[in-house]
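Asker: Provided below are the primary sequence and the corresponding predicted coordinates.
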Amino acid sequence: MTVLGSLGLWIAFLVGIWGALAGFVGGRQGRRDLEQSARHAVFAMCAALWVAVAALEWALFQHDFNVEYVASYTSRNLPIFYTWSALYAGQKGSLLFWASVLSLFGSLAMVLTGRRHRALLPYVAGVVCTVATFFISVMLFGQANPFHRLAYTPLDGNGLNPQLQNPGMVFHPPMLYLGYISITIPFAFAMAALLSKRLDVDWLVAIRKWTLLSWLFLSIGICLGMWWAYVELGWGGYWAWDPVENASLLPWLTMTAFLHSVMIQEKRGMLKKWNLALIIGSWLLSIFGTFITRSGVISSVHSFTQSNVGYFFLFFLIAAGTASFTVYATRLPLLAAETKLESMVSREASFLFNNLLFVGIAFSVLWGTLFPILSELVQGTKVTVGPPFFNQVNIPLGLALLGLTGIGPLIAWRRASLPNLQRQFAVPVTVGVFTALVLLVGGMRDLYALMAIALGAFVAGTVVQEFARGARARHRQYGEGYALALGRLLGRNRRRYGGYIVHTGMVILFIAFAGMAFKTETEATLRPGESAVLKSPYGWTYTFTHLGVSQYDALNRQVTAATLEIGRDGKRLGVLTTEKRQHVDGLGRPTFQPSTEVGIRSDLREDLYVVLAGLVNGTEQAVFRFTINPLVWWVWYGGMIVALGGLIVMWPGGGSPAVKRTQAGYAVRLVEDMKA
Amino acid sequence: MTRRHDGTLPVNRREFFALGALGLLGVSGNVPSWRRIAPQGQDSLPGTGPSGKLWDPSRAGRPFEPVRAADNDAAIQAIEKQLHCTCGCNLDVYTCRTTDFTCGTSPAMHRRVVALAEQGKSAQQILDAFVQQSGVAILMAPPRRGFNLAGYFVPSLLILAAGIALTMVLRRWSRAAAPAAAAPRVPLVPASPDELERLRRELDRLSV
C-alpha cells in the first residue's frame, strides 16, 4: 500500500503541474479545452491524494512499523481513534493532509460554483493546483515523504505523544487545518478575479461564502485548541500567546475584518482594493502560520520537529506574496470605488475603524511574534516576547474593538442623524454604565476586567435592542407572536441576526477572559487525610482532602491516581481525581516522560483545577497544585455561540448579494417612486 | 453527566463519534459535572495505612520535595512569572515548574530565585542577576530600553497614525459628499396605505 501511496503522490504532483499550467494558460487564452483539462486536473489530483491518504491510514492501522512515520507516531496499543489521528500528528502526515484537503476543497469549488463563475474557474483551478503542488513537492523533495521506509522493522512504534492523546486533539488539528486550508479557495477566487479582470460583484459572492467557511473552521479550531490546552497541558490557562497560537489568530483577525468590510462593498461598492488585500493577506498569513509551525524559526511548544521544510515555505511565502501583490497592483485602476463615504458618523466609517483595529491587532500580534528575530537582527540580542508583552499591547486594542462591536450596528448606513443616535444609544449606554457602577460598588478594581464586563454589557444591550425592535416591528406589522417574530426575524435575515449572535458569543468570551484576572492558586503537600484550603474569588472556602493514591494499568499506560474530596464552606461536594501517566508501548516499555492528567470540576461560576505534581519519596504523600479559575465554562459557551452564529450566517439561501443589491436597488426606486 | 479528559474513552468507535458530535454541539458538560471514580483495577496499598509506600514509585515520575512556604510566596511567584524557563517550553518559570513536572530546569531556577530572595535581594536585583548570567532573553518581556522600545510602541503608534490618517481621509470624503447631500430634494408626500403595504411587503421579502 505504501507503494500505492507514493505513486499517488507522484501522480498528484505531475497532474498538479499540468493543472496549474492548463488553468492559467487556458484562462488567459480562453481555450475551453485547457480550461476543462484544468478542472479535471483538480479532480484527478484530489483522487490521487486521497489514495495516498488511504494508503497511509492503511499503514497506520496495519502497524507497518517499517514505515518511518508509522513507527514514529503510533504503537500497537494506541487506541484506534488516535491511530487514525496520527495521520496529522506529525510533520509529514500533516503535509499530506493539507494537500489532500486542499484538493478536496478545490474540487468542491469546481462543482459548487461551476455554473455561476465559469469564467473564473480555470484560474481557480490553476491557483489550487499550484498551492497543492507546492505541498506535494515539499513531501517529495523536502525529505518529508510520509511513506519513507526504514532499513529495519522495529517490534513496536514510539506511540503518540501523551499530550496528543486527548479527544480534543482528534478534532482540534483538523478544524484548524480546514480553516487554514480553505482560505486558499477565496484567495484563488480573488486571484482569478484579478487575473481575468472580472472585478464585478460576482467574485465577491464566492469569496465571501468560502471566507465564512474558513472563518468558521478556524474559530472552532482555535476554541478546541484552547479547550485542549486547558484540560491537557495542565498549566491552568487556555491561551499563552505562543507563536503557533498567534499564527492561528492572525488569519482569523484579517478574515473577520474582511467579513465586516465586505458588507460595505456589497452595499456601497466601496473598499474593493482593501477587501482584496485582506483576502490575499489572510492567505499569506495562513502560509506564514504553516511556516512558523514547521520551520523551527521561532521556538514553540506546538511546533513540529525542526526540519528543512521551513526553507521551502519561506521561499513559497515570498514568491507567492510577490506574485499576488504584483497582480493586485496592476489591477488597482479597475478597483475604483463606486461611491464615496458621506459622513463620518455612519456605519461605513465605524466599520472602517473596526477594520483598523482588527488589522492593528493582527499587526501587533505579528510584530510581537517576529520581534525576537528582529531584535536579533538589529541588536544582536535575542529577546523573549511572552504574555506580559502581548497582554499589554493587545488588551486595550481588544477592549476598543469590543466597544466598536456595539457601536457599529447602532449607526445608520450613509449618514446618522443626532436624534437617530440618541434613540439607538440610550438603552445600551445606560446598560453599560449601570453595569460599570454596580461592579465598582461591588468592589471590582481590576480596570481591564471592569471595562471588559461593562463594554460587554453595552454590546449585549445593543444586540438585545436590535432583536427586540425587529421582533416588535414584525409583531406590529403581521400580528405575529413575539417568539414567532423572533424566529422569522432570524430566519429571514440570517446574515444580520446571525452576526449579532456572533457578537453575543464574543461578548461572552471577553467576559470569560476577564474572569481569569481573579484566578487564585496554591501548592500544597498532603498526606492521605490531610487537607488544603483555598478561597474562591466569590468568597467561598474550598477544602481539598487527600484520600489516597492508587496505581493501576490501563490500555497503553500505567496510572498513578490521587483522589481528593472537595468541600465548599464545610459542605461536601464530591471527589476529584488527578493522575500521573506513564505511557508504554505494546511490549510494556515506557515511551514518553510521565504526563499529568488534570482533575477539573466545572460549574458556571468557576473551575476547580487540580494537578498532581508528584509524590514525595515514593509514598502517598503528594504535591498538588490547586487553582480556581472563574468563568472558564463561559469561554467554551462563548465559542459555541460564535460558531452557532457563524453557521446561521453562512446557512444557504437568501440569494446572492448581487441579486440582493439589485433587489435593494429596486426597493430604493420603489421608495423614490412613492416620494415623487 | 460525566465529563472525562481521559485519552482513552472506554467506548467503541460508534459511541466515540456520537460523543464527539455531542461535545461539538455543546451538549456534554452543560451542567456542573464531576468525574466519577472509575472502578480501579488494583489497589496499590491494601492495608498499608496513610502515606504508605507506592507499589511502583517509578511510574509516578521523579520524586518530589514537599512544598515549602517560599513556593507559595506571592512575591517569589511574581518574580518567576517574569523569568523565561530555558528548558525550551516557552513558559515562564512559575508556570513551567507547576506544569511540566518532568522539567528539571524550572525547579532549579526556582531554587535560585528563593536563594537570592533569602539573601535579602529585591525583585529587581534578582531579575538583574538572572539577566547578568543568561542575557535579556531570560526575561518574559524585553526590558524597555533601546530598540526594545520599538517592540512596545510601534504597533500602538502605527495604529494611532493609521487612525488619524483614516479620520482625515473620511473627513475629506464626507466634506466632498456634503454638497451633494445638501442638494434640494423633492418634497416628500405621504404615501397611501396601499403604497405603504407594498413597501412593507417588498422590504420583508428582501429582509432589509
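Answerer: Here it is on my side, so go on.
Asker: any idea which helix is longest in chain B?
Answerer: helix B:148-182 (DSSP state H).
Asker: is that one up against chain A anywhere?
Answerer: Yes: Helix B:148-182 reaches chain A (CB under 8 Å from any CB of the partner chain) through B:148, B:151-152, B:154-156, B:158-159, B:162-163, B:166-167, B:170-171, B:173-174, B:176-178, B:180-181. For every residue, glycine as well, the C-beta is placed using N, CA and C.
Asker: Now do that helix: which elements does it pack against?
Answerer: helix A:347-379, helix A:387-407 (3 or more CB pairs under 8 Å, 6 or more residues apart in numbering or on different chains; DSSP states H and E).
Asker: For A:R32, which of those is the nearest?
Answerer: Nearest to A:R32 among these is helix A:347-379; the distance by CB to CB comes to 39.7 Å.
Asker: list the buried ones in the closest one?
Answerer: Using 16 or more other CB atoms under 10 Å in any protein chain shown as the test for burial, helix A:347-379 gives A:347-372, A:374-375.
Asker: about what we covered before: so what angle separates the directions of the longest helix of chain B and helix A:387-407?
Answerer: Orientation check (axes from the mean of the first three to the mean of the last three CA atoms, to 10 degrees): helix B:148-182 against helix A:387-407 gives 10 degrees.
Asker: Now helix B:148-182: buried residues?
Answerer: B:148, B:150-152, B:154-155, B:159, B:162-163, B:170, B:173-174, B:177.
Asker: quick one: it to helix A:347-379, angle?
Answerer: With the same axes, to 10 degrees defining the directions, helix B:148-182 sits at 160 degrees from helix A:347-379.
Asker: For stretch A:576-591, measure first residue to last.
Answerer: Chord length of stretch A:576-591, first to last residue, is 27 Å (CA to CA, to the nearest Å).
Asker: Tell me the buried residues in it?
Answerer: A:L576, A:T577, A:T578, A:E579, A:K580, A:R581, A:Q582, A:H583, A:V584, A:D585, A:G586, A:T591.
Asker: Neighbours of the nearest residue to the first one once chain neighbours are set aside, how many?
Answerer: Read it as A:L576. In this structure, A:L576 finds its nearest non-sequential neighbour in A:G599, 4.1 Å apart by CB to CB, 6 or more residues apart in numbering or on different chains. Applying other CB atoms under 10 Å in any protein chain shown, we find 25 residues neighbouring A:G599.
Asker: Pick out the most distant pair among the buried residues of stretch A:576-591.
Answerer: Largest separation among the buried residues of stretch A:576-591 by CB to CB: A:L576 and A:G586, giving 31.5 Å.
Asker: quick one: average confidence on stretch A:410-425?
Answerer: For stretch A:410-425, mean pLDDT is 81.
Asker: what do you get for stretch B:138-150?
Answerer: 91.
Asker: Domain parsing of chain A, as residue ranges.
Answerer: What automatic domain parsing lists as the domains of chain A is A:1-160, A:166-184+A:197-333+A:351-410, A:411-516+A:637-675, A:518-633.
Asker: Out of those domains, which gets the lowest mean score?
Answerer: Lowest mean pLDDT within the domains of chain A: domain A:411-516+A:637-675, at a mean of 85.
Asker: Now do that one: distance to the chain's middle.
Answerer: The chain centroid and the centroid of domain A:411-516+A:637-675 are separated by 23 Å under CA atoms, centre = their mean, to the nearest Å.
Asker: now swap in stretch A:526-541 and tell me
Answerer: 36 Å.
Asker: mind listing what's buried in it?
Answerer: Residues A:L526, A:P528, A:A532, A:L534, A:S536, A:P537 are the ones in stretch A:526-541 that count as buried (16+ other CB under 10 Å).
Asker: again with stretch A:447-463
Answerer: Using 16+ other CB under 10 Å as the burial criterion, the residues of stretch A:447-463 that qualify are A:449-463.
Asker: now stretch A:179-197
Answerer: A:179-196.
Asker: what's A:S75 in contact with, if anything?
Answerer: A:D156, A:G157, A:N158, A:G159, A:L160, A:N556, A:D585, A:G586, A:T591 (CB atoms under 8 Å, 6 or more residues apart in numbering or on different chains).
Asker: For the nearest residue to it once chain neighbours are set aside, which three-state class applies?
Answerer: Nearest non-adjacent residue to A:S75, counting by CB to CB, 6+ apart: A:G159, 3.7 Å away. Here A:G159 is recorded as coil under DSSP: H, G, I helix; E, B strand; the rest coil.
Asker: Packing partners of the helix or strand containing A:A257?
Answerer: Assigned by DSSP states H and E, A:A257 belongs to helix A:243-268. Where contact means 3+ CB pairs under 8 Å, 6+ apart, helix A:243-268 is packed against helix A:167-182, helix A:202-228, helix A:272-295, helix A:347-379, helix A:657-675.
Asker: Does anything pack onto the longest one? Which helices or strands?
Answerer: Read that as helix A:347-379. helix A:243-268, helix A:272-295, helix A:387-407, helix B:148-182.
Asker: count of neighbours near the closest residue to chain B within the stretch 1-150 of chain A?
Answerer: Of all residues in the stretch 1-150 of chain A, A:P79 sits closest to chain B, at 5.0 Å by CB to the nearest CB. Neighbour count for A:P79, taken as other CB under 10 Å: 18.
Asker: go on, A:D156?
Answerer: If you count neighbours by other CB under 10 Å, A:D156 ends up with 20.
Asker: Ramachandran angles for residue 63?
Answerer: All of this is about chain A. The phi/psi pair for A:H63 (degrees, to the nearest 10) reads phi 50, psi 50.
Asker: Hmm, no, I was thinking of chain B.
Answerer: B:P63 adopts backbone torsions of phi -70, psi 150, taken as degrees, to the nearest 10.
Asker: Assess the claim that it and A:T619 are in contact.
Answerer: No: the criterion here is CB atoms under 8 Å, and B:P63 misses it with A:T619 at 9.3 Å.
Asker: Between these two, which has more neighbouring residues?
Answerer: A:T619 (19 against 14).
Asker: surely that one meets B:A60?
Answerer: No: the criterion here is CB under 8 Å, and A:T619 misses it with B:A60 at 10.1 Å.
Asker: residues shared between the contacts of the two?
Answerer: B:L54.
Asker: near chain B, which residues of the stretch 401-550 of chain A?
Answerer: Applying CB under 8 Å from any CB, we find that the stretch 401-550 of chain A lies next to chain B at A:415, A:477, A:492-493, A:496, A:521-525, A:527-529, A:548-550.
Asker: which residues sit in contact with residue 170?
Answerer: Chain wasn't specified; assuming chain A. Taking CB under 8 Å, 6+ apart, we find A:V170 in contact with A:F81, A:Y82, A:W84, A:S85, B:G20.
Asker: could you do chain B instead?
Answerer: A:L341, A:M344, A:A349, A:L352.
Asker: quick one: it from A:A99, how far?
Answerer: Distance, B:L170 to A:A99, by CB to CB, to the nearest Å: 44 Å.
Asker: so what's A:V345 closest to, chain neighbours aside?
Answerer: A:A416 (4.8 Å).
Asker: Please tell me I have it right and that neighbour contacts A:S346.
Answerer: Yes: using CB under 8 Å as the test, A:A416 is close enough to A:S346 to be in contact (6.0 Å).
Asker: Mind exporting the C-alpha coordinates of stretch A:97-114 to PDB?
Answerer: Extracted C-alpha coordinates of stretch A:97-114, given in PDB (Å, rounded to 0.1, in the frame of the first residue of the first chain):
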ATOM      1  CA  PHE A  97      -3.500  16.000   4.900                       C
ATOM      2  CA  TRP A  98      -3.000  19.700   3.900                       C
ATOM      3  CA  ALA A  99      -2.600  18.900   0.200                       C
ATOM      4  CA  SER A 100      -5.500  16.300   0.200                       C
ATOM      5  CA  VAL A 101      -8.000  18.600   1.900                       C
ATOM      6  CA  LEU A 102      -7.000  21.500  -0.400                       C
ATOM      7  CA  SER A 103      -7.600  19.300  -3.400                       C
ATOM      8  CA  LEU A 104     -10.900  18.300  -2.000                       C
ATOM      9  CA  PHE A 105     -11.900  21.900  -1.300                       C
ATOM     10  CA  GLY A 106     -10.700  22.800  -4.800                       C
ATOM     11  CA  SER A 107     -12.900  20.000  -6.300                       C
ATOM     12  CA  LEU A 108     -15.900  21.200  -4.300                       C
ATOM     13  CA  ALA A 109     -15.300  24.800  -5.500                       C
ATOM     14  CA  MET A 110     -15.300  23.400  -9.100                       C
ATOM     15  CA  VAL A 111     -18.500  21.500  -8.600                       C
ATOM     16  CA  LEU A 112     -20.500  24.000  -6.400                       C
ATOM     17  CA  THR A 113     -19.600  27.200  -8.300                       C
ATOM     18  CA  GLY A 114     -19.300  25.700 -11.800                       C
END
